[in-house]
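[1] my questions are about this predicted structure, shown below with the sequence.
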Amino acid sequence: MDIEAGEFFCLLGTSGCGKTTVLNMLAGFEQPTQGRIEIDGHLVEGPGADRGVVFQGDDSLYEWLTARENIEFGLRMRGLKRSVRRERARHYLRLVGLEGQDNKHPSELSGGMKQRIQIARVLANEPQMLLMDEPFAALDAQTRLTMQAELLKIQASTHKSVLFITHDIDEAVTLADRIGVMHAGPVSRIKQIVEVDLGTEERERTNDRFLAIYKTVHAMIREEVGLALSRQDQAAR
Amino acid sequence: MSRVTPLHRDDEQSVPSARWRNLLSIAHGYGGYAIGFASLFLIWHIAAVHVVNSALFPPPGQVLRKAGELIWSGVLIEHIAVSLRRIMIGFSLGSLAGIPIGLAMGSFPAIRKVLEPYTEFFRFIPAVAMITVAVIWFGIGEESKIFLIIYTTIFIVILNTAAGVSAIAKNKIRAARSLGAAPFQVFRYVALPATVPYILTGMRLAMANSFVTIVAAELVAANQGLGKMLWDSRLYMLVDDIFVALVSLGLLGFVIDRLFRWAIFRFAGRYSPVA
C-alpha cells in the first residue's frame, strides 16, 4: 500500500479488520511484525512530529489546558517562541472555525469542537501527514457532515497527505481520492483499492457517479461481511 | 389576550441578570451551609437543655462562652497551634516524600513491584498502633508526633499518586509523542498535570488521617495539643473544655478539607475524575 504526497487516502473496513493497527504502525505507536513502513524512504521507528495523529475520542486532549494551549502544545514542546506560538494558534483556531473559543477548556466545548481542537493542534505542528482514526465516528450526523466539509476545505488549502480510517462507506466516498477496502479479519489485508475520481461538486449523496462508487464499495464490504460470517459459522460448528 | 401580559411578565422574571444569578448561586452555596450548621447547633441545644439536661452534656451556648474564655486566656489557641504545627510538618514531609515515590511507582513497573510489598504491608498497620513504638523510639516530644503524621500520610499519598499515573489515558501520551514531545517532556507536561487531581485527593485523605492520628497520639503521650487538652479535661471533669476541644477539631477539619476541595476544583474543574 502506498500513499502519495498530498493524497487523501481512506482505509475502509469492518470493525476488527485491523484498520487502527495500520494507523498505529504508521504513527509509530506499534511495530509491524512483518514488512516495513517508510516515509520518504525513511523507516518509521517511533512517533514523530512529521506525522500528526487525530484520535477517535477526546481523551487525547489535555483538559487542564485551554483550547489555545492545547493547539500550542507541540510548538511549545519544540521550543518555539511565545509570540510565534500565539500567532500560529490564532491562525489555526480560525482555520477550524473556533475563533473566540481560545480560553475555553475542552470540558466546556461540544464533541465537534473538541475534534476541531484536535485537528488544529495537529495542523499547527505542520506535519507532512495527517493520520486520522475515525475522528468523526462519535459525532452526531449533522456535525459529522459539517466536519467532513471543513476537512475537505482544510485539505484543499494545506495540501497535506491524509490517511483517514473509517467504517462508513459514505464518509469514505465523500472524502477520499482513493479508498483501500480491507478484508474482514482474521488476516488484515487490503482487498482492493478504489479510485474516487469525483470533482468537488460531484461529492453529493444524490450524484449518480457518487452513487455508482458507493454501490461498488458497498458490494465489496457486503461480500467481506458475508465471508466473515460464514467463517464464524464454520468455526462454531 | 388577557393571558399574554402575565406570561410576558413571567418570562422577564425567570431570566434574572447575570449578577442576580451569581448572588443567588452564592447564597445557594453558603446559605445551605449556614442552615446546616444552624440546625446542628439547634438540635444540640434542644438535646442538651430539654432531653438530657445534665451537667455532663453542656448546651452550645455554654460551650461557646467557655471557648471565648479559653481563646481570651490564650490556652485554646496554644493547643490548636501545637497540634496544627505537628500536622503541618508531618503532613508536608510525608507528602513531599510520597509524591515522587508514587510517581516512580506509577511510571515504572519494576519500581512498583519492589515497593508494593512496603505499601501493602504498612497500609494495614494503622498509625494509632504505631504510637507505642513511636513513643519508645522518639519520646513524648515533637519527634514522635511528626513521625506518626508522616507515617499516616505517606502511604495514602503514594497509593493515590501511583493510581493517578496509571489512570492517564494512553492517547494523551501518544498524542504528546507524535506532537514531538521528548520522554522527559511527556512526564513534565502530560503525566504530572494529569496526576495532580489524584495527588490532591490522596493528600486530602491523608489530612483526615492526620487529625485522627494527632489526637490519638496526644491523648496517649504529650504535654500540649488538642488531644492533651481532651485528656486533661477528662481527668479534672471539665466537660465544657472537652466540648470546646471537640468543636475545635470539627471546625478545623472542616475548614482544611474545604481548602483541599477548592484546590482540586480549581485545578481540575468539574470534570476532575475524583473531586
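    The structure has been received and is ready for your questions.
[2] the helices in the stretch 51-200 of chain B, which residues?
    Per DSSP state H, counting those that start in this stretch, the stretch 51-200 of chain B carries helices over the ranges B:60-73, B:75-107, B:109-122, B:127-138, B:142-166, B:170-178, B:183-186, B:192-220.
[3] export those as JSON lines, with columns for distance to chain A and mean neighbour count.
    The C-beta positions use only the backbone N, C-alpha and C, and glycine is treated the same way. Formatted as JSON lines, the helices of the stretch 51-200 of chain B follow (distance: least, Cβ to the nearest Cβ, whole Å; neighbours: other Cβ atoms under 10 Å in any protein chain shown):
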{"stretch": "helix B:60-73", "distance to chain A": "41", "mean neighbour count": "15"}
{"stretch": "helix B:75-107", "distance to chain A": "17", "mean neighbour count": "20"}
{"stretch": "helix B:109-122", "distance to chain A": "19", "mean neighbour count": "13"}
{"stretch": "helix B:127-138", "distance to chain A": "33", "mean neighbour count": "16"}
{"stretch": "helix B:142-166", "distance to chain A": "13", "mean neighbour count": "24"}
{"stretch": "helix B:170-178", "distance to chain A": "4", "mean neighbour count": "21"}
{"stretch": "helix B:183-186", "distance to chain A": "5", "mean neighbour count": "14"}
{"stretch": "helix B:192-220", "distance to chain A": "5", "mean neighbour count": "22"}
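[4] select, out of these, the one closest to B:M237.
    The closest of the helices of the stretch 51-200 of chain B to B:M237 is helix B:60-73. By Cβ to Cβ, the value is 13.7 Å.
[5] ok, back up a step: any chance of the helices of the stretch 51-200 of chain B in TSV, plus mean pLDDT?
    Formatted as TSV, those follow (pLDDT from 0 to 100):
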stretch	mean pLDDT
helix B:60-73	94
helix B:75-107	95
helix B:109-122	92
helix B:127-138	93
helix B:142-166	95
helix B:170-178	94
helix B:183-186	92
helix B:192-220	92
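[6] could you export those helices as a markdown table, including distance to B:A48?
    As requested, the helices of the stretch 51-200 of chain B are exported to a markdown table (distance: least, Cβ to Cβ, whole Å):
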| stretch | distance to B:A48 |
| --- | --- |
| helix B:60-73 | 7 |
| helix B:75-107 | 21 |
| helix B:109-122 | 42 |
| helix B:127-138 | 30 |
| helix B:142-166 | 33 |
| helix B:170-178 | 55 |
| helix B:183-186 | 59 |
| helix B:192-220 | 23 |
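[7] near chain B, which residues of chain A are found?
    For chain A, the residues in contact with chain B (Cβ under 8 Å from any Cβ of the partner chain) are A:27-29, A:46-49, A:51-53, A:55, A:57, A:59-64, A:73-74, A:76-78, A:105, A:107, A:121-122, A:125.
[8] and those residues, which of them are buried?
    A:27-29, A:47-49, A:51-53, A:55, A:57, A:60-64, A:73-74, A:76-77, A:105, A:121-122, A:125 (16 or more other Cβ atoms under 10 Å in any protein chain shown).
[9] for the residue lying closest to A:Q118 once chain neighbours are set aside, list the residues it contacts.
    Computed as Cβ to Cβ, 6 or more residues apart in numbering or on different chains, the closest residue to A:Q118 that is not its neighbour in sequence is A:V54, at 4.9 Å. By Cβ atoms under 8 Å, 6 or more residues apart in numbering or on different chains, the contact set of A:V54 is A:Q115, A:Q118, A:I119, A:V122, A:L130, A:L131, A:M132, A:D133, A:P135.
[10] cool, and B:S107?
    B:V165, B:F187, B:A191.
[11] rerun that using 10 Å as the cut-off
    B:A162, B:V165, B:S166, B:I168, B:F187, B:A191, B:T195 (Cβ atoms under 10 Å, 6 or more residues apart in numbering or on different chains).
[12] now the fifth one: how far from B:A104?
    The reference is to B:F187. Using Cβ to Cβ, to the nearest Å, one gets 11 Å for the distance from B:F187 to B:A104.
[13] mind listing the shared neighbours of the two?
    B:V165.
[14] re the thing from before, and which of the contacts of B:S107 is nearest A:E99?
    Nearest to A:E99 among the contacts of B:S107, with distances taken as Cβ to Cβ, is B:I168, at 30.9 Å.
[15] distance of that closest one from chain A?
    Relative to chain A, B:I168 is positioned 9 Å away (Cβ to the nearest Cβ, to the nearest Å).
[16] is that residue in contact with A:D59, as I believe?
    Yes: B:I168 lies in contact with A:D59 (Cβ atoms under 10 Å); the separation is 9.5 Å.
[17] poorly predicted segments of chain A, please.
    Counting by pLDDT under 70, the ranges of chain A that qualify are A:185-187.
[18] do a quick rundown of the helices in it.
    Counting by DSSP state H, chain A has helices at residues A:19-27, A:67-77, A:82-95, A:111-124, A:141-158, A:169-175, A:208-236.
[19] hang on, the earlier thing: looking at the residues of chain A next to chain B, which are in strands?
    A:R51, A:G52, A:V53 (DSSP state E).
[20] would you turn these into CSV with distance to B:P183?
    As requested, those are exported to CSV (distance: Cβ to Cβ, whole Å):
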residue, distance to B:P183
A:R51, 18
A:G52, 19
A:V53, 17
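[21] closest one of those residues to chain B?
    If you rank those by distance to chain B using Cβ to the nearest Cβ, A:V53 comes first, at 4.8 Å.
[22] ok, now which ones touch the residue lying closest to B:V165 once chain neighbours are set aside?
    Among residues not flanking B:V165 along the chain, B:G106 sits closest, at 2.5 Å (Cβ to Cβ, 6+ apart). B:G106 makes contact with B:112, B:158-168, B:191, B:195, B:198, according to Cβ under 10 Å, 6+ apart.
[23] equivalent analysis for B:V220, please.
    B:V220 is in contact with B:V128, B:I131, B:T132, B:A134, B:V135, B:I140, B:S144, B:G227, B:K228, B:W231, counting by Cβ under 10 Å, 6+ apart.
[24] ok, it to B:V133 distance?
    B:V220 sits 12 Å away from B:V133, going by Cβ to Cβ.
[25] what do the two both touch?
    In terms of Cβ under 10 Å, 6+ apart, B:V220 and B:V133 are both contacted by the residues B:S144.
[26] what's the domain layout of chain A?
    A:1-50+A:128-237, A:59-126 (automatic domain parsing).
[27] what do you get for chain B?
    Here the domain parsing of chain B from automatic domain parsing is B:4-50, B:58-271.
[28] which one of the ones you listed lies nearest to A:K153?
    Across those (criterion: Cβ to Cβ), the nearest stretch is domain B:58-271, sitting at 23.1 Å.
[29] distance between the closest one and the chain's centre?
    Relative to its chain's centre, domain B:58-271 lies at 7 Å (Cα atoms, centre = their mean, to the nearest Å).
[30] can you name the residues that contact the residue lying closest to B:E142 once chain neighbours are set aside?
    Counting by Cβ to Cβ, 6+ apart, B:R86 is the residue found nearest to B:E142 once chain neighbours are left out, at 6.7 Å. Residues near B:R86 by Cβ under 10 Å, 6+ apart: B:142, B:144-146, B:148-149, B:210, B:213-214, B:217-218, B:222, B:224-225, B:227.
[31] can you check A:H42 too?
    Going by Cβ under 10 Å, 6+ apart, A:H42 touches A:G48, A:D50.
[32] with the one 4 residues further on instead?
    With Cβ under 10 Å, 6+ apart as the criterion, the residues that contact A:G46 are A:A27, A:G28, A:F29, A:Q31, B:R177, B:S178.
[33] now for the residues you listed, which pair is the farthest apart?
    Counting by Cβ to Cβ, the most remote pair of the contacts of A:G46 is A:Q31 and B:S178, 15.1 Å apart.
[34] can you count the residues close to the nearest residue in space to A:L12 that is not next to it in sequence?
    Among residues not flanking A:L12 along the chain, A:A172 sits closest, at 4.6 Å (Cβ to Cβ, 6+ apart). By the criterion of other Cβ atoms under 10 Å in any protein chain shown, A:A172 has 28 neighbours.
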